[in-house]
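A.B. asks: Return a 3D structure for these sequence lines:
(one chain, ligands or ions: 1)
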Amino acid sequence: MIRFLTAGESHGKALTTIVDGFPSNLKISENFINQQLKRRQFGYGRGLRMKIETDKAEILSGVRFGKTLGSPISMLIRNSDWENWQTLMSVDPINEKIQKVTIPRPGHADLVGVSKYNFDDIRNSIERSSARETAARVAAGSIAKKLLEEFGISIGSFVESIGGIYPEKNFSEKLFNNSISSNFTGKLISDKADKSSVRVLEDQHEEKIIRKIKTAKKNGDTLGGTFITVATGIPVGLGSFMNYDTKLDAEIAQSFMSINAVKAVEVGEGFLLAEKFGSKSHDEIVMKKDFIGRKTNRAGGIEGGVSTGLPIIVRAAMKPIATLMSPIESVDLSTMKKVDARRERSDFVAVPACAVISETMLAWSLAKFFLQKFGGDSIDETKDNFNIYNKKLFSRIKNNFKS
Ligand code: EPS
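C.D. replies: The predicted structure follows:
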């Protein structure tokens, strides 16, 4: 069973994570993790913080000579901005009088945080609820991504819409129709998206989105959007229908919903399926040369909580960033009077980053179920288990049903 925890405040000294349960002998490098961290920082519409930080993970334990030891892997990501926050975020009590944050921003965890934890300063809520924490998650999820890569599982993402601006050609239709080329991989779609400043697949679409973001910025406003995350090379049989917490789609939905500002998740055609006839919803089973295949992939690669072997397709929606430069209404908790919500440094749009984070969360969920199925204390053992299962899969079905 793999698990991870992250720790760290947005303006504290550093973020840390401990990742546990990975087999030994998996090749891993700081360089690979740092590439993922860099992708998370990128995107038109990010705020000033991303100019201050160059996120880098230092591996402190669990890896020797470039390979995992099977022991807990701990990582550290320093916050460069800590320099400017040493007093305000001091671990020890301080004598100086500091300005407390008293005005909650609607849409952030400010008000619920002070209500729940009995704080006298909203700063105490902001620090941990900030999306800065996702840097540590990307570091942890990168190990999962690396594990899956060893088995030909590739994960990628792209931004589908920002502020309601959708592309003219919807690539997801191709995915659902199962009409993509056989050498399509998740990474290929990410490589294409990474070339765009808002991680979309068409130049014209990018131009329209940038115009919309510029308008939002000019008005002191923010935007959200939708993104699609895809995993290819998935074996048949990850997850099970035996219990609520063993279903792969349930696990993935929880992973995506845990990402800051995500408000909706769909697997496959999701909400659209609710409008269709059954005959137009399900993926017909057909014989393809020497194995059983599907005409379409509307289920997004999961049936009955179990992977079908087709690409896993997840779509999610991120709400607009909660910090507005032209603020909406709030209440000052020190006076209990109506005021404008607090302004502070923030992003205008972070959907491209959110999509990158979702890749690592999808990788985490898949790695969890993958290792549950194929197990092994070393990656070599996992590979043996994986290869035998895949080699025998279709011959077993054939033999079992032979009349
Ligand atoms: C972020 C760090 C934060 C924000 C942003 C994402 O840094 P700061 O608060 O110092 O500007 O830029 O977080 C939010 C938008 C949010 O609502 O929490 C990061 O590292 O991704």
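
A.B. asks: And for Phe291, the neighbour number?
C.D. replies: Residues near Phe291, counting by other Cβ atoms under 10 Å, number 12. Using the backbone N, CA and C atoms, a C-beta is placed for each residue, glycine as well.

A.B. asks: For the residue nearest to Ala253 when sequence neighbours are not counted, give me its contacts.
C.D. replies: Excluding its sequence neighbours, the residue lying closest to Ala253 (Cβ to Cβ, 6 or more residues apart in numbering) is Val265, at 4.8 Å. Neighbour list for Val265: 252-253, 256-257, 314-317 [criterion: Cβ atoms under 8 Å, 6 or more residues apart in numbering].

A.B. asks: and if you look at Asn390?
C.D. replies: Pro235.

A.B. asks: Gly304 versus that one, what's the distance?
C.D. replies: Noted for Asn390: a distance of 20 Å to Gly304, by Cβ to Cβ, to the nearest Å.

A.B. asks: what about the residue nearest to Gly270 when sequence neighbours are not counted, neighbour count?
C.D. replies: In space, and not counting its chain neighbours, Gly270 is closest to Arg315: 6.3 Å by Cβ to Cβ, 6+ apart. For Arg315, the count of nearby residues is 24 (other Cβ under 10 Å).

A.B. asks: Can you pull up the residues of the chain that come close to the ligand?
C.D. replies: By Cβ under 6 Å from any ligand atom, the residues of the chain that approach the ligand are 10, 47, 49, 108, 130-132, 134-135, 321-322, 345-347, 350.

A.B. asks: thinking again about what came up before, any chance of the contacts of Val265 in a markdown table, plus secondary structure?
C.D. replies: Shown next, in a markdown table, are the contacts of Val265 (DSSP: H, G, I helix; E, B strand; the rest coil):
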| residue | secondary structure |
| --- | --- |
| Ile252 | helix |
| Ala253 | helix |
| Phe256 | helix |
| Met257 | helix |
| Val314 | strand |
| Arg315 | strand |
| Ala316 | strand |
| Ala317 | strand |
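
A.B. asks: Please pick the buried ones from the residues you listed.
C.D. replies: 252-253, 256, 314-317 (16 or more other Cβ atoms under 10 Å).

A.B. asks: can you tell me which two in these are farthest apart?
C.D. replies: Farthest-apart pair in those is Ile252 and Ala317; separation 14.9 Å (Cβ to Cβ).

A.B. asks: Can you show me the helices along the stretch 301-403 of the chain?
C.D. replies: Along the stretch 301-403 of the chain, counting by DSSP state H, counting those that start in this stretch, helices occupy 351-374, 379-401.

A.B. asks: any idea how far the nearest residue to Val351 once chain neighbours are set aside lies from the ligand?
C.D. replies: Among residues not flanking Val351 along the chain, Gly225 sits closest, at 3.8 Å (Cβ to Cβ, 6+ apart). Between Gly225 and the ligand the computed distance is 14 Å (Cβ to the nearest ligand atom, to the nearest Å).

A.B. asks: Just the helices from the stretch 101-250 of the chain, written as ranges.
C.D. replies: So, for the stretch 101-250 of the chain - with DSSP H, counting those that start in this stretch - the helices run 110-117, 123-129, 134-149, 171-177, 186-194, 203-218, 248-257.

A.B. asks: Figure out how far stretch 166-180 is from the centre of its chain.
C.D. replies: 21 Å (Cα atoms, centre = their mean, to the nearest Å).

A.B. asks: One more: stretch 382-395?
C.D. replies: 29 Å.

A.B. asks: Buried residues of it, list them for me.
C.D. replies: 382-383, 386, 393.
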